[in-house]
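Undergrad: 3D, please:
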Amino acid sequence: MKFTNRATAISPFLAMAYGEKATALLENGHDVIRLNLGEPDFGAPKPVIEAMKSSLDAPHYPYTSALGTPELRAAIANFYHQKHNVDIEPSRIVVTAGASAALLLASAALVEPGDNVILGDPSYPCNRRFLNAFGADVSLVPTVSEHNFQLTAKNVEKHWSQNTKGVLIATPANPTGTAIDAAELLAIGQLCKQRNGFLIVDEIYLDLLLNNDDNSDINAATTVLKNAQLQDTVIVINSFSKYFGMTGWRLGWCVVPAEMTAIVERLAQNLFICPSTLSQKAALACFTPQALAQCEENRQTLSKRASLVFSALTTMGLPVDANPDGAFYAYINIQKTGLTAIEFCDKLLEKYHVALTPGNDFGEHNADNYVRLSFATNESDLIKGLERLAQFVAECSAAE
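TA: As a prediction, the model looks like this:
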């Protein structure tokens, strides 16, 4: 059997690979602390769980529209209006089987083989895999901590080529948790429009801001959605997985230009028919006051965990070169240890049974100097994991 180049060329998703290594250690009786995956430990809000239970009494769960149920699309539009003062027509909202399916649809709709798409380095690896799968030539443009590890309009313009068709930006980003400046994102959006290109904004960590009770301050993606001039060239992707804690429910959405809706609908009909009917019914409860209050409590808990993590890292002498604005990650500079990221993660897991993710998952530029720690886990495990990490770092320092 001969496999395609796209299948054989794809590299492993290291966050998941280290998860599998951790599972193997667990099965052998070891106490393993998993700080490698970006999966909130809170789970879905209670009203969502109750809504799912109630839905199970129905005798039939038919396909919905490929775009999602009208009720959920309207609820998402209302959420943008109530929480972010952004008015979006429900007809522009497409409910998907997770944010991954949203990016799949966007890639299928916008990318031809040989098209160039610009992403920052570091960035979430699966984003570029979707683009690659549809034949895109992805340019990973190195970013620096002084710019929050985010692209700038200046370096997008510098790397824009004859074949460039668009830019993909995440804010707040994985693995760094840093947000792009709203004015900078607008400038990039305007540059894309001037060059007849697209801008995809991955905002799946929207509303998961740290140490910030006014969510409007740094939500650059919502600023772009408010800009009438960019509404025909910007696609915004979101998810129920992070803020709402519904990772395994596989439900997300995207906001697309009005003229793109019919294109995306046809693609969705053929590629996955529709999102889960059960998940969509239950997700309506996400927008109840009780559920939103629970999500805000969870966000505040994450903010406290962030303080715990960054205080511990400072004590260890491990720098975080750019302070995160949101999400639940610490992108740690390990250069002082003298180990590569892979060596660091391998040794830490093998000896101290703590799973992190090497920077090699997220790009190429200086990737060996960084590891990602996720604090989307309970506080007791987090404290234990940080204590073991401190012992390992001290061991590395003693060995120098």
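Undergrad: contacts and neighbour counts: CA atoms only from here.
TA: OK.
Undergrad: where along the stretch 1-150 of the chain do the strands fall?
TA: With strands called from DSSP state E, counting those that start in this stretch, the stretch 1-150 of the chain shows them at 33-34, 93-96, 116-121, 137-142.
Undergrad: wait, the stretch 201-350 of the chain
TA: Using DSSP E, counting those that start in this stretch, strands in the stretch 201-350 of the chain cover 234-239, 252-255, 329-333.
Undergrad: hang on, the earlier thing: rebuild the strands of the stretch 1-150 of the chain as a markdown table, extending it with mean neighbour count.
TA: Shown next, in a markdown table, are these (neighbours: other CA atoms under 10 Å):
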| stretch | mean neighbour count |
| --- | --- |
| strand 33-34 | 23 |
| strand 93-96 | 28 |
| strand 116-121 | 24 |
| strand 137-142 | 19 |
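Undergrad: tell me which of those lies nearest to Glu387.
TA: Of all these, strand 33-34 sits nearest to Glu387, with 11.0 Å by CA to CA.
Undergrad: got a list of contacts for the closest one?
TA: Gly19, Ala22, His353, Val354, Ala355, Leu356, Thr377, Asp381, Leu382, Lys384, Gly385 (CA atoms under 8 Å, 6 or more residues apart in numbering).
Undergrad: just the local confidence number for the first one, please.
TA: Translated: Gly19. As predicted, Gly19 sits at a pLDDT of 72.
Undergrad: thinking it is in contact with Asn36, fair?
TA: Yes - contact criterion CA atoms under 8 Å: Gly19 and Asn36 qualify, at 6.9 Å.
Undergrad: on that earlier part again, among the strands of the stretch 1-150 of the chain, which is nearest Gly177?
TA: Of all the strands of the stretch 1-150 of the chain, strand 116-121 comes closest under CA to CA, at 13.4 Å.
Undergrad: residue contacts, the residue nearest to Asn333 when sequence neighbours are not counted?
TA: Spatial nearest neighbour of Asn333, chain neighbours left out: Tyr370 (4.7 Å); criterion: CA to CA, 6 or more residues apart in numbering. Residues in contact with Tyr370 (CA under 8 Å, 6+ apart) are Tyr331, Ile332, Asn333, Ile334, Gln335, Ala341, Pro358, Gly359.
Undergrad: show me the shaky parts of the stretch 201-350 of the chain.
TA: Within the stretch 201-350 of the chain, the stretches with pLDDT under 70 are 212-221.
Undergrad: helices of that one, start to end?
TA: Under the criterion DSSP state H, counting those that start in this stretch, the stretch 201-350 of the chain contains helices at 220-226, 261-271, 277-283, 289-316, 341-347.
Undergrad: need those in JSON lines (columns: mean neighbour count).
TA: Below are these laid out as JSON lines (neighbours: other CA under 10 Å):
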{"stretch": "helix 220-226", "mean neighbour count": "21"}
{"stretch": "helix 261-271", "mean neighbour count": "16"}
{"stretch": "helix 277-283", "mean neighbour count": "20"}
{"stretch": "helix 289-316", "mean neighbour count": "17"}
{"stretch": "helix 341-347", "mean neighbour count": "20"}
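Undergrad: these: which one's closest to Leu185?
TA: Leu185 lies closest to helix 220-226 among the helices of the stretch 201-350 of the chain, at 6.7 Å (CA to CA).
Undergrad: and the closest one, what does it pack onto?
TA: In terms of contacts (3 or more CA pairs under 8 Å, 6 or more residues apart in numbering; DSSP states H and E), helix 220-226 is packed against helix 182-194, strand 234-239.
Undergrad: most packed of the ones you listed?
TA: strand 234-239 (a mean of 26; mean count of other CA atoms under 10 Å).
Undergrad: tell me the angle that strand makes with helix 182-194.
TA: 130 degrees (axes from the mean of the first three to the mean of the last three CA atoms, to 10 degrees).
Undergrad: how many neighbours does Gly317 have?
TA: Residues lying near Gly317 (other CA atoms under 10 Å) number 15.
Undergrad: my read: Leu168 touches Asn116, true?
TA: No - counting by CA under 8 Å, Leu168 stays clear of Asn116, with 11.1 Å between them.
Undergrad: and Phe79, how many neighbours?
TA: 17.
Undergrad: that should have said His353, apologies.
TA: By other CA under 10 Å, the residues close to His353 number 23.
Undergrad: what sits against it?
TA: Neighbour list for His353: Ala22, Leu25, His30, Asp31, Val32, Ile33 [criterion: CA under 8 Å, 6+ apart].
Undergrad: which of those residues has the largest number of neighbours?
TA: When neighbours are counted by other CA under 10 Å, Ala22 leads the contacts of His353 with 24 neighbours.
Undergrad: contact partners for that one?
TA: Applying CA under 8 Å, 6+ apart, we find Ala22 in contact with Val32, Arg34, Leu349, His353, Val354, Ala355.
Undergrad: quick check: the gap between the last one and Asp31.
TA: Separation of Ala355 from Asp31 (CA to CA, to the nearest Å) stands at 11 Å.
Undergrad: thought Phe198 was touching Val167?
TA: Yes - contact criterion CA under 8 Å: Phe198 and Val167 qualify, at 6.5 Å.
Undergrad: joint contacts of these two?
TA: Residues touching both Phe198 and Val167 (CA under 8 Å, 6+ apart): Cys192.
Undergrad: tell me how far the residue nearest to Asn333 lies from Gln335.
TA: Remark: distance between Tyr370 and Gln335 (CA to CA) = 7 Å.
Undergrad: likewise for Ile188?
TA: Ile188 is 32 Å from Gln335, where distance means CA to CA.
Undergrad: what about Ile188, distance to Leu168?
TA: 10 Å.
Undergrad: need the overlap of contacts for these two.
TA: Joint contacts of Ile188 and Leu168 (CA under 8 Å, 6+ apart) are Leu199.
Undergrad: for the residue nearest to Asn333, grab phi and psi.
TA: Per-residue torsions, Tyr370: phi -130, psi 150 (degrees, to the nearest 10).
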